[in-house]
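Visitor: here is a sequence together with a model predicted from it:
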Amino acid sequence: MDFFELNAFLNLSQTLHFAHTAEKVNLSPSALSRLISRLEDETGTILLERNNREVKLTPQGADFAHFAKKCLDEQEDVLNSFKSQGNEVAGSLHVYASVTACYSIMPPFLKELSEKYPQIHLEIETGDPAGAVNAVKEGRAELAVAAIPESGLSGFDTLPVRHTPLVFAASVGGKYENVSGSPQDIVSSVPLILPKTGLARERFDTWVASRNVKPVIAAETEGNEAIMALVQLGIGIGLIPHIVLTNGPYNKGFTCLSAGNALGYYEVGFIQKKEITGSESLKRIRHAVNEILDKMR
């Protein structure tokens with residue numbers, strides 16, 4: 001076995017999804033399956049229970065994932081010791097953020113980090129904001145940008161940096177551009193494009209249930225960018241944080257339809273695990289990140 005195989009197995013142990021892992025490690029799903037079979041032959045045990053419906057780690061697989069992480073952490077420490085000069089902090093910081101967050105939330109943090117710690121290499125995974133918490137929990141990211149509930153996030157350090165209302169977006173020139181009426185009237189008569197999961201969807205579902213409103217749902221999708229693409233096609237109005245309309249590529253061609261106080265505001269900011277673990281180089285990176293975030297408070 002080699003480091004590439006250990007990395008592929010560790011990724012699979014976190015996602016438990018062959019297609020997603022295969023894409024991340026640049027293999028086909030069938031090639032990844034053969035790699036896992038080779039590891040099982042070499043270790044003489046079953047590492048994963050898999051069928052057409054799910055993938056699960058065996059107890060031996062969990063032990064092997066721990067072994068793989070330890071090996072990869074030590075490899076990272078050695079390689080970073082070669083790159084760093086003296087006590088310079090070096091290594092990779094994995095960040096999960098939406099495209100909107102990359103435009104609006106990340107720049108001040110990235111500027112400060114790159115100026116003070118130029119040897120920290122960033123690996124940014126973009127995706128649905130609703131996936132931010134799981135990305136950190138699963139170890140795919142050390143830092144993420146997420147919507148932060150009023151009750152906070154258990155086991156996470158959080159740093160809110162933006163306060164944004166939930167609004168409806170419509171395409172300029174489209175048939176829903178000049179929709180008016182109360183929030184109840186709008187959601188019960190105008191086709192809606194909603195996020196499948198996440199804090200915005202939870203807020204929406206709670207609100208319509210409390211008002212006994214039956215919404216007209218045209219589409220459900222993952223990520224604000226996908227919502228905006230469907231809004232641009234004119235099939236309905238999209239539920240998004242207002243920050244999406246004020247930053248990046250969506251500040252033109254769309255109009256904001258206020259939801260009043262119906263859906264409220266929420267905080268958007270950085271999240272990371274409270275406990276600092278991993279390789280020595282990763283611990284040093286986490287401390288560097290905390291130093292930058294403390295300045296932003």
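Guide: That came through, no problem.
Visitor: against I36, how distant is the residue lying farthest from the centre of the chain?
Guide: Largest separation from the mean C-alpha position in the chain: G44, at 35.9 Å (CA atoms, centre = their mean). Computed with CB to CB, to the nearest Å, the distance linking G44 and I36 is 14 Å. Yep, even glycine has a C-beta here, placed from its N, CA and C like the rest.
Visitor: what about S28, neighbour count?
Guide: The number of residues packed around S28, counting by other CB atoms under 10 Å, is 12.
Visitor: I meant to write T158 there.
Guide: That count, for T158 with other CB under 10 Å as the rule, works out to 16.
Visitor: now the strand or helix carrying it: average pLDDT?
Guide: For T158, the element it lies in under DSSP states H and E is strand 156-171. Strand 156-171 shows an average pLDDT of 93 in the prediction.
Visitor: tell me the buried residues in the helix or strand just after it?
Guide: Downstream of strand 156-171, the next assigned helix or strand under DSSP H and E is helix 183-189. For helix 183-189, burial by neighbour count (16 or more other CB atoms under 10 Å) applies to P183, I186, V187, S188.
Visitor: helices and strands around the lowest-mean-pLDDT helix or strand in the chain, which ones?
Guide: In the chain, no helix or strand scores lower on mean pLDDT, DSSP states H and E than helix 59-83, which sits at a mean of 87. Here helix 59-83 touches helix 3-15, helix 29-43, strand 91-97, helix 280-296, going by 3 or more CB pairs under 8 Å, 6 or more residues apart in numbering; DSSP states H and E.
Visitor: tell me which of the ones you listed sits nearest to G238.
Guide: Among the helices and strands packed on helix 59-83, the nearest to G238 by CB to CB is strand 91-97 (19.7 Å).
Visitor: quickly list what V95 is bridged to.
Guide: Bridge pairing for V95 (DSSP bridges) gives the partners I124, L143.
Visitor: who's in contact with it?
Guide: Neighbour list for V95: M106, L122, E123, I124, E125, A141, E142, L143, A144, V145 [criterion: CB atoms under 8 Å, 6 or more residues apart in numbering].
Visitor: if any of those are buried, put those into a ChimeraX selection.
Guide: Selecting only the buried entries of these in ChimeraX, with 16+ other CB under 10 Å as the criterion:
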select :106,141,142,143,144,145
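Visitor: now, which of the contacts of V95 sits nearest S279?
Guide: Distance to S279 across the contacts of V95 (CB to CB) is lowest for E142, with 11.4 Å.
Visitor: now do the same contact list for the closest one.
Guide: Listed by CB under 8 Å, 6+ apart, the contact set of E142 reads L93, H94, V95, V136, Q272, K273, L282, I285, R286, V289.
Visitor: quick one: strands adjacent to the strand holding T158?
Guide: When sheet partners are counted by DSSP bridges, strand 156-171 sits next to strand 237-241 (antiparallel), strand 254-258 (antiparallel), strand 265-273 (antiparallel).
Visitor: tell me how many other residues crowd the closest residue in space to E225 that isn't next to it in sequence.
Guide: Nearest non-adjacent residue to E225, counting by CB to CB, 6 or more residues apart in numbering: V99, 5.3 Å away. Applying other CB under 10 Å, we find 19 residues neighbouring V99.
Visitor: quick check: V99 vs L257, distance?
Guide: According to CB to CB, V99 and L257 sit 22 Å apart.
Visitor: what of F168?
Guide: Between F168 and L257 the computed distance is 4 Å (CB to CB).
Visitor: rewinding a little: distance between the strand holding T158 and the chain's centre?
Guide: 14 Å (CA atoms, centre = their mean, to the nearest Å).
Visitor: using PDB, write out every CA atom in that strand.
Guide: Below are the C-alpha coordinates for strand 156-171, written out as PDB (Å, rounded to 0.1, in the frame of the first residue of the first chain):
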ATOM      1  CA  PHE A 156     -18.000  24.100  17.200                       C
ATOM      2  CA  ASP A 157     -16.300  27.500  17.700                       C
ATOM      3  CA  THR A 158     -18.300  30.000  15.700                       C
ATOM      4  CA  LEU A 159     -17.500  33.500  14.500                       C
ATOM      5  CA  PRO A 160     -20.500  35.400  13.000                       C
ATOM      6  CA  VAL A 161     -19.400  38.100  10.500                       C
ATOM      7  CA  ARG A 162     -22.600  39.000   8.600                       C
ATOM      8  CA  HIS A 163     -26.200  39.500   9.600                       C
ATOM      9  CA  THR A 164     -28.500  38.900   6.700                       C
ATOM     10  CA  PRO A 165     -32.200  38.600   6.100                       C
ATOM     11  CA  LEU A 166     -33.900  35.800   4.200                       C
ATOM     12  CA  VAL A 167     -35.600  37.300   1.100                       C
ATOM     13  CA  PHE A 168     -37.100  36.200  -2.200                       C
ATOM     14  CA  ALA A 169     -35.200  36.900  -5.500                       C
ATOM     15  CA  ALA A 170     -36.900  37.400  -8.800                       C
ATOM     16  CA  SER A 171     -35.400  37.900 -12.300                       C
END
